Structure formats: C-alpha cells, structure tokens
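Participant: how would this look folded up:
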Amino acid sequence: MISGMQSINRVTRYLSTRLVAGILLCLLPIAVRADNALLVLSDFSPSYNQVQDAIQTTAQKPPRVATLDTLTVADSRTPIILAVGSRACEQMLSRYHPDTRLLCSFLPSTAFQRMQEQLLPEQRHANISAIFIDQPLRRQIQLARLIKPEAKTLGSALGNNSRSLHTELEAGSLGQGFDLQLAYLSALDNPVELLTPVIANSDIFLVIPDSSVFNRAISKWLLYLSLRHQVPVVGFSASYTNAGATASVHSSATQIGLQTGEWLNRLYANEPLPPPSYPAYYDVSINPVAARTLKLVLPSPEALEQQLLQIEAGY
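Facilitator: I've put the predicted structure just below:
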C-alpha cells in the first residue's frame, strides 16, 4: 500500500514538474520577444545618426537597426519598433501589426497626426505613440511672454500644414494674456503682403514650423520686416536665432534620442506606452545683436530655460 502511494506521489511530482516546465517554456518566448526591438531610420543623415547614437547609449539593450531599404516582411511584426523620422514612421504605420508597440520619433506633430488619420483611421492607438521634434505652442508662447513681458499682441502665421493648430494657438495666446494677430498663407499668396500688417500690428511675432509657409526666402523677409517694425521674433530652431530671431526654443537630435531611449527602457519593463508627446528636453537660444537692436534686456538662455521649466512644473 505504501509502495503504491509512493508511486502515485512520484507520478504526481513528475506531472507537476512537467506542467511547470511546460508553462515556463510557453512563457520563455514571450520574455525573449519582449526585449526584441527594431530601430528603423528614414536614412543615414547626420541628424538621424545622432538620434540613433543617443538611443543606443541610453537603452538598456540597444535595438537592432534597419533602414527602409533593408526592411523585411517579418520586421513589421517585431514586438517593439522605433521609427525615426517621418518616412520611417509612415512606412511602419502602413505595415502596422496590432501586436507591435510602435514609437515614432523625431518628426513634426502635424505629420504624425496626418499619417495616423490617413493610414489607421479606424484603429485604436494604445500601442502607437510618438515623440515630436517641434515644441508645444504653449512653450513657445511662454517664451514670447518672457522675452517681452509688457507685450499685448502676439502675431503669427499658419499655412496648409499647420492650420489645425489654430484653436491651440488661440487658447495659448489667451492664456498668456495676448491678443492674437494671425495670417493664413498658401502657396499662391504674396507672403510679404500678408505678413506686413500682422507684424506691424504686433508686439512680438511667433514663428510656427510649417514648411508650406516658412521657406528660407520667406523667413528672410519675415526677419527683415520684424526689424523694420521693431518687433522681436520667437523662432523654433538655433538656425532661426542665428539668422536674426530674438530667441528660439528647440530640441536637438541628441535630446530627442535621449527621450526615445528612455521610453524604450520603459517598454522593456513592460510599462504602458506613453501618449504622443512633445520634447521633454530642450534649449533656449538668444541673439544678442537682435536684442540690442530692439532695446531688449534679456536673461541668459540658461535663465530662460529654468523659467520655462518652473512654469511647466507649476511653480
């Protein structure tokens, strides 16, 4: 009898061991795949390479790297995909598989929203997110207020790619106590004719990144008109500041890559994918010559950055 019970116990232990082993074998591929990430670059331009380098440095486990011309059909089913740049994001959205967590990075917010609406109009987007290259309008408007605290009127212009920002721009201007002077530009318009009255009736002008409006030639005219009418310009890049804008707020490719790498680590830890977001890291640049010409006494870029951080933190 005892021998029979011992046999039963041995069989029970054997079956239990096999069951646990089977469960672990089932779970093992999931654990391995959870760390399997693919980084897709739009191309190997210097900016994309800087994003890639920052991601590889920040990530706990560096992802595999591919470009659009080396992608395979199987790549679109990789559990975690980072798409750097608009072209890479568009490709991965068009091939999107529901089991994949897709993070697009280093692209304009308007481009991401447009591609999502066109390529995945009916799908829920819990597993799709983005880190934008452009700054939130609220941050730019807050910088405008810091540059010229006494200003009453904020001027700006929207084009075909940025018209959807109208409501946000109005709300942000009102929140900072500005009256908004706004021009709408299309490819057929005379930009100088439309921008001149807006600049002339503004205390400070905000440039919104929109390639359909502000190409190099129009930007030169804008900066010329602003100096002529003694109106400071708040831009969106270091090059805009160097060209004559009084100040700009902007994020580098390395800063975007750092944030992307941090988000990748959260995905490795099986945390939820954060919602689409603007850059967490940014710099302020100022043009001392433009400030002196406009008789503005400005804090240092570092002081302006700290003020923006404190405002955003609610202090």
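
Participant: so where do the strands sit in the stretch 51-200 of the chain?
Facilitator: In the stretch 51-200 of the chain, the strands defined using DSSP state E, counting those that start in this stretch lie at 64-67, 80-84, 101-107, 128-132, 153-158, 179-184.

Participant: what about the first one, average pLDDT?
Facilitator: If you average the pLDDT over strand 64-67, you get 96.

Participant: Would you tell me which one of the strands of the stretch 51-200 of the chain is buried the most?
Facilitator: Sort those by mean neighbour count, taking mean count of other CB atoms under 10 Å, and strand 80-84 sits at the top with a mean of 27. From N, CA and C alone the C-beta is placed, and that goes for glycine too.

Participant: where exactly do the helices run in the protein?
Facilitator: Using DSSP state H, the helices of the chain run over residues 2-34, 46-58, 86-94, 109-119, 137-147, 166-175, 191-200, 216-228, 238-243, 253-268, 288-293, 301-313.

Participant: rank those helices by pLDDT, which is bottom?
Facilitator: helix 2-34 (a mean of 41).

Participant: so how far is residue 76 from residue 40?
Facilitator: Distance of residue 40 to residue 76, given as CB to CB, to the nearest Å: 10 Å.

Participant: Compare the two and say which is more crowded by neighbours.
Facilitator: Each of residue 40 and residue 76 has its neighbours counted (other CB atoms under 10 Å); residue 40 has more, 27 against 18.

Participant: For residue 302, which non-adjacent residue is closest in space?
Facilitator: What sits nearest to residue 302 in space, not counting adjacent residues and going by CB to CB, 6 or more residues apart in numbering, is residue 284, at 7.9 Å.

Participant: wait, that neighbour sits on residue 248?
Facilitator: Yes - using CB atoms under 8 Å, residue 284 is in contact with residue 248, at 7.2 Å.

Participant: follow-up on the earlier one: next up, the contacts around the residue nearest to residue 302.
Facilitator: Applying CB atoms under 8 Å, 6 or more residues apart in numbering to residue 284 gives the contacts 143, 247, 248, 249, 301, 302, 304, 305, 308.

Participant: change it to 7 Å
Facilitator: 143, 247, 249, 301, 304, 305 (CB atoms under 7 Å, 6 or more residues apart in numbering).
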